[in-house]
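**Student:** pasting a predicted model and its sequence here:
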Amino acid sequence: MQTNANAESGVHVCSLKSDTPQLIRPGTTYQIVRFPFGSAEPFDRFGMHQVEQPDGHVVDDWAADDRSGLIWPSKPGWGHLYAMIQWESGDYTELRDQFVRDPLGLTSEPEDTTATEHRGPTPGGQYYVKSHGIFVHPGTPLALRVTHNASGPRRLTLAEFKLVIHDAA
């Protein structure tokens, strides 16, 4: 059995997590979920979530800059996106989430949303997990966005956002 030691081959993974509550305004405008960098980050061996971004922008404060919510794919391929979203209790009748390519208009690619879900609240906690597959390309960042329709801002109490890139033939 032969193995390929080339770092470009094989599966590339970026796994982000934030347990710092994020205040999300109500309405129809989706907001990017932000994630910390460095040691607070579960896994980013391939440099897809860095303070210094591929276009040269440096994120000074992850909690205040939407760019901290971007994953920049390290190679082209079949991307499998995962998210876990947990909301504080509230007077919601609808919670929304979606994955999006280039949510800040940083490339010549048009914004492209996918796996958009609108759901009513559950009788217990508002905890959701989702996954979706898409083709990904370096230079086109991805993000997780959320919104809700409660009477006022509500906290996203825990969020995870993950990208797994498989080679595509």
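**Tutor:** Looks like it arrived, so ask away.

**Student:** so how many other residues sit close to residue 25?
**Tutor:** Neighbourhood size, residue 25 [other CB atoms under 10 Å]: 12. (C-beta placed from N, C-alpha, C; glycine too.)

**Student:** oh sorry, the question was meant for residue 122
**Tutor:** Neighbours of residue 122 (other CB under 10 Å): 10.

**Student:** for it, give me its contacts.
**Tutor:** Residues in contact with residue 122 (CB atoms under 8 Å, 6 or more residues apart in numbering): none are found.

**Student:** pLDDT at it, what is it?
**Tutor:** pLDDT recorded at residue 122 is 88.

**Student:** for residue 5, same thing?
**Tutor:** Taking residue 5 on its own, its pLDDT is 43.

**Student:** do residue 109 as well
**Tutor:** 82.

**Student:** so which residues of the protein form strands?
**Tutor:** In order along the chain, the chain carries the following strands (DSSP state E): 12-18, 22-24, 31-32, 77-87, 95-101, 112-119, 126-136, 142-148, 154-166.

**Student:** quick check: mean pLDDT across the second one?
**Tutor:** For strand 22-24, mean pLDDT is 97.

**Student:** for the strands of the chain, which one ends up most surrounded?
**Tutor:** Compared across those, strand 142-148 shows the largest average neighbour count, a mean of 23 (mean count of other CB atoms under 10 Å).

**Student:** where does pLDDT dip in this protein?
**Tutor:** Confidence mapping of the chain against pLDDT under 70 gives the ranges 1-8.

**Student:** so who does residue 113 touch?
**Tutor:** Counting by CB under 8 Å, 6+ apart, residue 113 has contacts 98-101, 145.

**Student:** returning to what we had before: so for residue 44, which of the strands of the chain sits nearest?
**Tutor:** Closest to residue 44 of these, according to CB to CB: strand 12-18, at 5.2 Å.

**Student:** show residues contacting the closest one.
**Tutor:** Identification of contacts with strand 12-18 by CB under 8 Å, 6+ apart yields 33-36, 40-46, 48-49, 71, 73-75, 77, 158-165.

**Student:** can you rerun that using 7 Å?
**Tutor:** For strand 12-18, the surrounding residues in contact (CB atoms under 7 Å, 6 or more residues apart in numbering) are 34-36, 41-44, 46, 48-49, 71, 74-75, 159-165.

**Student:** ok, the nearest residue to residue 65 once chain neighbours are set aside - how many residues close by?
**Tutor:** If the residues on either side of it in the chain are set aside, residue 65 comes closest to residue 59, at 4.8 Å by CB to CB, 6 or more residues apart in numbering. Counted by other CB under 10 Å, the residues lying close to residue 59 total 20.
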